[in-house]
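K.L.:
Here's my sequence, what's the structure:
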Amino acid sequence: MLTKEKVINAISQLPGEFSVDQAIDELILLEKIDRGLAQSEANDVIPDEELDKELPEWLR
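P.N.:
Next comes the predicted model:
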């Protein structure tokens, strides 16, 4: 879950002028990274061997 501190930090790194779309894209990326890190820490990941098998099907 995002924290106010992380959101403020992300917004403060945007240029002086930015669109709402840029801010939303930045926050979505931040949330996805945060979720991925949490999944990794919880060992909720796909093993490399399984990924190698499933990836060709996902890319069809």
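K.L.:
For residue 20, see how far away residue 14 is.
P.N.:
11 Å (CB to CB, to the nearest Å). Backbone N, C-alpha and C define where each C-beta goes, glycine included.
K.L.:
hmm, who's touching stretch 10-18?
P.N.:
Residues from elsewhere that reach stretch 10-18, judged by CB atoms under 8 Å, 6 or more residues apart in numbering: 22-23, 26-27, 30.
K.L.:
if you set the cut-off to 10 Å instead, what comes out?
P.N.:
If you take CB atoms under 10 Å, 6 or more residues apart in numbering as the criterion, stretch 10-18 is touched by 2, 22-23, 25-27, 29-31.
K.L.:
ok, of the residues you listed, which one's closest to residue 60?
P.N.:
For these, the residue nearest residue 60 by CB to CB is residue 29; the value is 26.1 Å.
K.L.:
what about that closest one, which helix or strand?
P.N.:
Take DSSP states H and E as the rule and residue 29 turns out to sit in helix 20-41.
K.L.:
Show the model's pLDDT score for the residue lying closest to residue 26 once chain neighbours are set aside.
P.N.:
Closest residue to residue 26 apart from its sequence neighbours, by CB to CB, 6 or more residues apart in numbering: residue 10 at 5.3 Å. The score at residue 10 is 93. That number is its pLDDT.
K.L.:
what does residue 51 give?
P.N.:
Reading off the model, residue 51 has pLDDT 89.
K.L.:
Residue 2 too?
P.N.:
For residue 2, pLDDT reads 88.
K.L.:
quick one, what contacts it?
P.N.:
Residues near residue 2 by CB under 10 Å, 6+ apart: 10, 27, 30-31, 33-35.
K.L.:
Just the buried residues of those.
P.N.:
Among those, those classed as buried by 16 or more other CB atoms under 10 Å are 10, 30.
K.L.:
Output the contacts of residue 2 as CSV; include the columns distance to residue 43.
P.N.:
What follows is the contacts of residue 2, written out as CSV (distance: CB to CB, whole Å):
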residue, distance to residue 43
10, 27
27, 26
30, 22
31, 20
33, 18
34, 17
35, 15
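K.L.:
Just the CA atoms of the helix or strand hosting residue 11, as PDB, please.
P.N.:
Using DSSP H and E, residue 11 maps to helix 4-12. Provided in PDB are the C-alpha atoms of helix 4-12 (Å, rounded to 0.1, in the frame of the first residue of the first chain):
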ATOM      1  CA  LYS A   4       1.500   9.600   1.900                       C
ATOM      2  CA  GLU A   5       5.200  10.000   2.100                       C
ATOM      3  CA  LYS A   6       5.900   8.000  -1.000                       C
ATOM      4  CA  VAL A   7       3.200   9.900  -2.900                       C
ATOM      5  CA  ILE A   8       4.600  13.300  -1.900                       C
ATOM      6  CA  ASN A   9       8.100  12.200  -2.800                       C
ATOM      7  CA  ALA A  10       6.900  11.000  -6.200                       C
ATOM      8  CA  ILE A  11       5.000  14.200  -6.900                       C
ATOM      9  CA  SER A  12       7.900  16.300  -5.700                       C
END
